[in-house]
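Student: Structure for the following, please:
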Amino acid sequence: MLCASALLRRPALRAATSIARREALRRPAARALPSARCFSAEPAADDEPLVPGIGRGKTSTGLVGLAVDHDAVPKMITKYQALLDKMAASDMPPDAQYRINVEKIARFRIKAAQENLDDPDKVEELCNCGQVEELVIQADNEMIVLDMYLRNRWWELVKPVEIEYDPSDEDGGHGDVEWGEAPDDEKK
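Tutor: Numbers count the residues shown, from 1 in each chain. Alright, predicted model coming up:
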């Protein structure tokens, strides 16, 4: 005697098999799979040779949840330029330290990416902040921070600070106390 799940499995298996047969007969063997290039060190007709793990041969970032993006370098340029454009259109003063820092980083990364469009490894080496896929995510995250910074007008919250320092003090103005000699361990 067969159980209910086995009775249901047989018709489902038969239906799936017949659908697969119909599809196989309907499509010629050459068109069975979409045209895809399997990994090979041999170059395609118009390609450079693929080197495993480098450039177009990169198959994994090695980071969970972060897929390889072969167009990451142009995306970096676009996203960092968007950061610069947004700051230029904002009312943030040019002497705000956040703006100065972000502009320097963005300009450096754009320059590195433009000079090495076809060499993501060189861009990674120059930027020294992770893989190009991570740099794209960093640009996205910086845009989120920039939005918050502009919305809250945080540059207005920073006030100049006066630092008092008197080099003529013996302790250098730190207020340190001279404790004298360390206690002897033997007296305990």
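Student: what's the first-to-last distance across stretch 64-75?
Tutor: By C-alpha to C-alpha, to the nearest Å, the extent of stretch 64-75 from end to end equals 21 Å.
Student: outside of it, which residues touch it?
Tutor: Outside of stretch 64-75, the residues that reach it under the criterion C-beta atoms under 8 Å, 6 or more residues apart in numbering are 56, 58-61, 113, 116-117, 120, 123, 131-137. Where you see a C-beta, it was placed from the backbone N, CA and C, and this is true even at glycine.
Student: list the buried ones in that stretch?
Tutor: 68, 69, 72, 73, 75 (16 or more other C-beta atoms under 10 Å).
Student: Same question for stretch 103-122.
Tutor: Neighbour-count burial for stretch 103-122 [16+ other C-beta under 10 Å]: 103, 105, 106, 109, 110, 112, 113, 116, 120.
Student: quick one: what helix or strand has the second one in it?
Tutor: Of the helices and strands defined by DSSP states H and E, residue 105 is found in helix 97-115.
Student: Any chance you could list what contacts that helix?
Tutor: Under C-beta under 8 Å, 6+ apart, the answer for helix 97-115 is 73-74, 76-77, 80-81, 83-84, 87, 92-94, 122-123, 126-127, 135, 139, 142, 146, 149, 154-155, 158.
Student: Those, buried ones only, as a PyMOL selection?
Tutor: To isolate the buried ones among these in PyMOL, judged by 16+ other C-beta under 10 Å, type:
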select buried, resi 73+76+77+80+83+87+92+123+126+127+135+139+142+146+149+155
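Student: Okay, and which of the contacts of helix 97-115 map to helices?
Tutor: 73-74, 76-77, 80-81, 83-84, 87, 122-123, 126-127, 135, 139, 142, 146, 149 (DSSP state H).
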